[in-house]
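> Everything below, folded, please.
(one chain, ligands or ions: 2)
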Amino acid sequence: MGCSSSVPARNTGGLNTISNDSSPDASSKDLRAKLVLLGDSGVGKSCIVLRFVRGQFDPTSKVTVGASFLSQTLALEDSTIVKFEIWDTAGQERYAALAPLYYRGAAAAIVVYDITSPESFSKAQYWVKELQKHGSPGIVMVLVGNKADLHDNRSVSSQDAQDYAEKNNMFFIETSAKTADNINQLFEEIAKRLPRPTAS
Ligand SMILES: Nc1nc2c(ncn2[C@@H]2O[C@H](COP(=O)(O)OP(=O)(O)OP(=O)(O)O)[C@@H](O)[C@H]2O)c(=O)[nH]1
Ligand SMILES: [Mg+2]
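Ligands and ions are numbered 1, 2, ... in the order given. Coordinates of the predicted model:
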């Protein structure tokens, strides 16, 4: 199981404040956003990132160890360029204590479950509570039901997830890293919700 990319995991030891290396010609509308993915092991976090960053799906790669870092830019319709600095965390229980190193200071969090796994939906709720307690104030939180291609084995209803998301002020979307369904939309919706710098 696993879709960790072949990019080596970069461990920053938790020093994950966003550096200020925007190029001199960067437009003032351009945004940089630290984004973290959280969720149970095997729900498809690494596959979602790999699909978004490289347009690939690799069903044979490994579980994430610690965390891995990737970045990707996205151009919005209003011509804003958003650079996502993405921390893909490891969902295995033994890594749970590391999570704060990655979500601290994050502008957005994607909490992922697998639509065929009620346990993973419970785990997602655990991460939402943790982010509410310890995440940045105003963090953009998104609930993602992944593996939507496995709808024949669905065991978390879209309605339940939508209701939960609404109660917790989250955007909700179902995706498939395998078919690429809703993957770009997921990141576009996050980009639209990021706070814009106040005009000067
Ligand atoms: N059918 C289907 N399988 C998927 C999808 N996304 C991921 N998978 C499979 O689910 C397994 C786990 O995917 P990963 O992306 O490695 O899971 P993860 O959440 O990163 O797991 P950890 O790194 O351990 O936290 C892999 O075998 C993937 O091929 C999807 O959208 N549909
Ligand atoms: Mg992973």
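> Name the SS class of V111, please.
Counting by DSSP: H, G, I helix; E, B strand; the rest coil, the backbone at V111 sits in strand.
> again with W87
When classified by three-state DSSP, W87 comes out as strand.
> any idea which element the residue lying closest to it once chain neighbours are set aside lies in?
Using Cβ to Cβ, 6 or more residues apart in numbering and skipping residues adjacent in sequence, the residue nearest W87 is Y102, 4.2 Å away. Every C-beta, even on glycine, is put in place using the N, C-alpha and C of the backbone. Y102 belongs to helix 99-103 when assigned by DSSP states H and E.
> rewinding a little: isn't the residue nearest to W87 up against G91?
No. The criterion here is Cβ atoms under 8 Å, and Y102 misses it with G91 at 12.0 Å.
> how about the residues of this protein that lie near ligand 1?
Applying Cβ under 6 Å from any ligand atom, one finds that the chain approaches ligand 1 through 1-3, 39, 41-47, 59, 63-64, 90-92, 146-147, 149-150, 176-178.
> Pull out the buried members of the residues you listed.
The neighbour count (16 or more other Cβ atoms under 10 Å) marks 2-3, 39, 41-47, 64, 90-91, 146-147, 176-178 as buried among the residues of the chain next to ligand 1.
> What segments of this structure are helices?
Secondary structure of the chain (DSSP state H): helices at 45-54, 99-103, 118-134, 158-167, 183-193.
> quick one: which of the buried ones among the residues of the chain next to ligand 1 sit in strands?
Within those, residues falling in strands by DSSP state E are G39, N146.
> Filter the buried ones among the residues of the chain next to ligand 1 to keep only those in contact with ligand 2.
Among these, the residues within reach of ligand 2 (Cβ under 5 Å from the ion) are K45, S46, T64.
> pretty sure the first one is touching T64, no?
Yes. At 7.3 Å, K45 counts as touching T64 under the criterion of Cβ under 8 Å.
> so what sits against both of these two?
D88, T89, G91 (Cβ atoms under 8 Å, 6 or more residues apart in numbering).
> just curious, which of these is nearest to ligand 1?
G91 (2.7 Å; Cβ to the nearest ligand atom).
> buried ones in stretch 72-86?
Buried, per 16+ other Cβ under 10 Å, within stretch 72-86: L74, T80, I81, V82, K83, F84, E85, I86.
> With distance to V128 and pLDDT added, can I get those residues in CSV?
Formatted as CSV, the buried residues of stretch 72-86 follow (distance: Cβ to Cβ, whole Å; pLDDT from 0 to 100):
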residue, distance to V128, pLDDT
L74, 24, 96
T80, 27, 91
I81, 29, 95
V82, 23, 97
K83, 26, 97
F84, 20, 98
E85, 22, 98
I86, 19, 98
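> hmm, which two among those are most spread apart?
Largest separation among these by Cβ to Cβ: T80 and I86, giving 17.8 Å.
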